[in-house]
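Q: give me a model of this one.
(2 chains)
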There are 2 protein chains.
Amino acid sequence: MNAEIISIGTELLLGHVVNTNASFLSEKLAEAGIDVYRHATVGDNPARLTAAIMRALGRSDIVITSGGLGPTVDDITIETVAQLIGRKLILNRIILKDVKDYFKSKKVLFPKESLRQAYIPEGVKWIRNRVGTAPGLIAQYFSKKIVCLPGPPREIVPMFERDILPIIKRMSGGPVIRFRTIKTTGLAESQVDGKVRDLLNLKPPTTVGIYAKLGQVDLKIMAKAKTVREAERNISTVEKKIRFRLKEYIFGYDTDTLESAVVDTLIKKGLTIATAESCTGGLLANRITNVGGSSESFKAGLIAYANEAKESFLGVSHKTLKLHGAVSRPVAIEMAHAIKHYACADIGISITGIAGPTGGTKNKPVGLIYIALVTNEKCIVKEMRFRGSREEIKLQSSQAALDLIRRICALS
Amino acid sequence: MNAEIISIGTELLLGHVVNTNASFLSEKLAEAGIDVYRHATVGDNPARLTAAIMRALGRSDIVITSGGLGPTVDDITIETVAQLIGRKLILNRIILKDVKDYFKSKKVLFPKESLRQAYIPEGVKWIRNRVGTAPGLIAQYFSKKIVCLPGPPREIVPMFERDILPIIKRMSGGPVIRFRTIKTTGLAESQVDGKVRDLLNLKPPTTVGIYAKLGQVDLKIMAKAKTVREAERNISTVEKKIRFRLKEYIFGYDTDTLESAVVDTLIKKGLTIATAESCTGGLLANRITNVGGSSESFKAGLIAYANEAKESFLGVSHKTLKLHGAVSRPVAIEMAHAIKHYACADIGISITGIAGPTGGTKNKPVGLIYIALVTNEKCIVKEMRFRGSREEIKLQSSQAALDLIRRICALS
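A: Okay, here's the model as predicted:
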């Protein structure tokens, strides 16, 4: 069974909006065992939309549209589909009440344009929109299905997951697909590639893809099988091989982030932490505190941007700063010691470096970073060199610092 | 003159990757006066790719593909296009040297699969890839052009802007399109909508779109005209109306961010700032220090997450904490005063609140935030209530704090 996705909206063709709906729907359809062979995007133009839907119906069992369900005259999906399936539009009183209630709850006067949203093709199944005003539709066209969904991600995501996916899963009956993402940090893409080259060349039904981003390389296993159990068994076979080869470079799976993995470990081991940042300007603390429950282990953070702040807040000695400069091993160590001490934390970690774009010298170029980690037993300093924009250097530095915390926690 | 964009890659159809190339190319093409009527995405499948290109060539003057230029057997764009235009693939020695040099610079052995990337259709114009290994192509098909570009955003963006766009602009000769984005904060989408409803209903050649994200509402003016001057004049007419109606809610234009607008103003006025954050966990400082040159005005930041940290680092009185709780007006004020004082800054700003998902009570629910700003002359506290996930509440809080700084700076 296969499907095509048609995204509707001139704003997409003008590049004002990135199309996240197509990837969201694709991933969910793949998991339900539905093959997606094509995406198409068309503007708010009835002729082009009709042509796109007809062509997709010729090739696929299900055509899913997103967008064009709004109250304005530019929103043409419902009329176009009604015409295509030869049904007239009729007012649906339940939808009308929903739409009116929506505006009432927002304490906004019911705008008369929104009346349009209560008209749907006669006899067609509709889906309540629990977030916005536009209902979804499931229309039958001979043996094929046309599913019309709203455009805003915050409306389409819950509607698809709650109301559409179960129906599609029942229809599918075909193979299922399962994914597992294995997340690593500390190796370049080419290094990960070198360790799992044979797995990257696996052919369906079980395949592995590699996805690199800054400071992180993910391996995504995909298994297609008749049953969930078989798919998961096949994933697990490949996963074991990957785990064996990438060992401690793996920090997590699927929805894990490096920061969530770090905070989980800190909490599990009952360890507290405090941060002293210079060039990362609070990014490390921000990432840690993005994790719900991090207040259990995160005590405090200091952003000592100016040299005076390093002296006055952390008591880094003037002499050390003079002698070695702010971007140096000794300053990193003093910063980590100080924040550990003042915050009464088990772990103190510091980052000092040059994020650029200016401020680099020949000996201390942009991208030079020192990270120090201090515990009751240990003191570790790392010198690293990163490339990229200011934000990219900040991100890689925070990534390296989180990885260092993760590795130290694993040992303790 | 019109164009279609074809994105190639099974990873897009599986939803593993969001298609940012299509929106990037669309925006640039629109600015060059090229109409984009359709996007399509197909997998790594020669038959489907051929069909998609042929259909697009039937409708459009330029077909731009992205992806499928890599070294693996899944990468089929070059072979497919060669077959379509009836040219054979020949080894290009200059490209081969480029590819070999690329691996040499990375200190990686030349992988024999990459030899494929040096084969291009005979007699076709190619474009050097200055970031990766796959060259771009510009092939002629009767009166139409097929442009093949690499898939990774960091490769396609510079190649398109530097080498392809100038060629397309010369070809276009048609109307030009200019955009201006006006960025606001402090008003809800419906409030902005209410103030500019008539402008949102403008018909081409000059139109206005509204784009809301968390804590920010953008208005995008688009003008199509025969000349750049005419387009800019039409934009400017609408812009004046918007400026008149939204006044101080406007913080910037086009590529500005709220943090860049704030840092620019701080530097221009010669003011320094220091931050004391609780629930935002460093996000405010991180956003400020993302702006290049922010070290001129950002002195230091403290993340006092635990109550003891508020006491020990900032000297917030135990009594105030006991009496009013950490999330309160008096604590926010003490935090802002203290950080201003210790960091010797002109402005001290603090945020304390409950980011959730846990920790809320009936009187102090999740999303309750106090922001205090202290200068030599003023002390301002704001109570705000936000909704959303932990990260969304953090983001909106930092947005409100930046907006407060911006407004105070504008007055001083």
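Q: and stretch A:31-41, anywhere near chain B?
A: Yes - contact of stretch A:31-41 with chain B (C-beta under 8 Å from any C-beta of the partner chain) involves A:36-41. Placement of C-beta: from N, CA and C, glycine included.
Q: most neighbours among the residues you listed, which one?
A: Most neighbours among these, by other C-beta atoms under 10 Å in any protein chain shown: residue A:41, with 30 neighbours.
Q: tell me who's in contact with that residue.
A: Neighbour list for residue A:41: A:6-9, A:12-13, A:19, A:22, B:22, B:38-40 [criterion: C-beta atoms under 8 Å, 6 or more residues apart in numbering or on different chains].
Q: and residue A:138, by the same measure?
A: A:124-127, A:145-148, A:164, A:167.
Q: lowest pLDDT pick from those residues?
A: Lowest pLDDT of these: residue A:167, 92.
Q: secondary structure element for the spatially most distant residue from the centre of chain A?
A: Residue farthest from the centre of chain A, counting by C-alpha atoms, centre = their mean, is residue A:319 at 44.9 Å. Using DSSP states H and E, residue A:319 sits in helix A:318-324.
Q: show me what that helix is packed against.
A: Where contact means 3 or more C-beta pairs under 8 Å, 6 or more residues apart in numbering or on different chains; DSSP states H and E, helix A:318-324 is packed against helix A:307-314, helix A:329-342.
Q: for the helix or strand where residue A:58 lies, enumerate the helices and strands it packs against.
A: Secondary-structure assignment from DSSP H and E places residue A:58 in helix A:46-59. Here helix A:46-59 touches strand A:2-8, strand A:35-42, strand A:62-66, helix A:77-85, strand A:144-149, strand B:35-42, going by 3+ C-beta pairs under 8 Å, 6+ apart.
Q: can we see that at 7 Å?
A: strand A:2-8, strand A:35-42, strand A:62-66, helix A:77-85 (3 or more C-beta pairs under 7 Å, 6 or more residues apart in numbering or on different chains; DSSP states H and E).
Q: list the strands paired with the third one, with their directions.
A: Spelled out, it's strand A:62-66. Applying DSSP bridges, strand A:62-66 is found paired with strand A:2-8 (parallel), strand A:144-149 (parallel).
Q: residue B:391 is in contact with residue A:290, correct?
A: Yes - when contacts are counted by C-beta atoms under 7 Å, residue A:290 is listed as touching residue B:391 (5.6 Å).
Q: for the strands paired with strand A:62-66, give me TSV that also has distance to residue A:256 and mean neighbour count.
A: What follows is the strands paired with strand A:62-66, written out as TSV (distance: least, C-beta to C-beta, whole Å; neighbours: other C-beta atoms under 10 Å in any protein chain shown):
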stretch	distance to residue A:256	mean neighbour count
strand A:2-8	28	25
strand A:144-149	29	23
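Q: re earlier: will you turn the helices and strands packed on helix A:46-59 into CSV that also has mean pLDDT and distance to residue A:380?
A: As requested, the helices and strands packed on helix A:46-59 are exported to CSV (pLDDT from 0 to 100; distance: least, C-beta to C-beta, whole Å):
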stretch, mean pLDDT, distance to residue A:380
strand A:2-8, 97, 49
strand A:35-42, 95, 47
strand A:62-66, 98, 49
helix A:77-85, 96, 58
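Q: ok, which of those comes nearest residue B:28?
A: Closest to residue B:28 of those, according to C-beta to C-beta: strand A:35-42, at 16.1 Å.
Q: dump that closest one to PDB, restricted to CA.
A: Taking C-alpha atoms only, strand A:35-42 is exported to PDB below (Å, rounded to 0.1, in the frame of the first residue of the first chain):
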ATOM      1  CA  ASP A  35       5.400   3.400   1.100                       C
ATOM      2  CA  VAL A  36       5.700   7.100   0.200                       C
ATOM      3  CA  TYR A  37       7.100   7.500  -3.300                       C
ATOM      4  CA  ARG A  38       6.500  11.200  -3.900                       C
ATOM      5  CA  HIS A  39       5.900  14.500  -2.200                       C
ATOM      6  CA  ALA A  40       4.500  17.400  -4.200                       C
ATOM      7  CA  THR A  41       3.900  21.100  -3.300                       C
ATOM      8  CA  VAL A  42       1.500  23.300  -5.200                       C
END
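Q: what does the helix holding residue A:319 contact?
A: A:307, A:310-311, A:330-331, A:334 (C-beta atoms under 7 Å, 6 or more residues apart in numbering or on different chains).
Q: try it again at 10 Å.
A: A:307-308, A:310-311, A:317, A:326, A:328, A:330-334 (C-beta atoms under 10 Å, 6 or more residues apart in numbering or on different chains).
Q: kindly report the same for stretch A:98-109.
A: Here stretch A:98-109 makes contact (C-beta under 10 Å, 6+ apart) with A:71, A:92, A:110-111, A:114-118, A:128-135, B:188, B:190, B:194.
Q: how about residue A:348, phi and psi?
A: phi -110, psi 130 (degrees, to the nearest 10).
Q: residues contacting residue A:44?
A: Neighbour list for residue A:44: A:8-13, A:67-68, A:70, A:72-77 [criterion: C-beta under 10 Å, 6+ apart].
Q: on the three-state scheme, the residue lying closest to it once chain neighbours are set aside is what?
A: With sequence-adjacent residues excluded and distances taken as C-beta to C-beta, 6 or more residues apart in numbering or on different chains, residue A:44 is closest to residue A:74, at 4.4 Å. At residue A:74 the chain is in coil, as set by DSSP: H, G, I helix; E, B strand; the rest coil.
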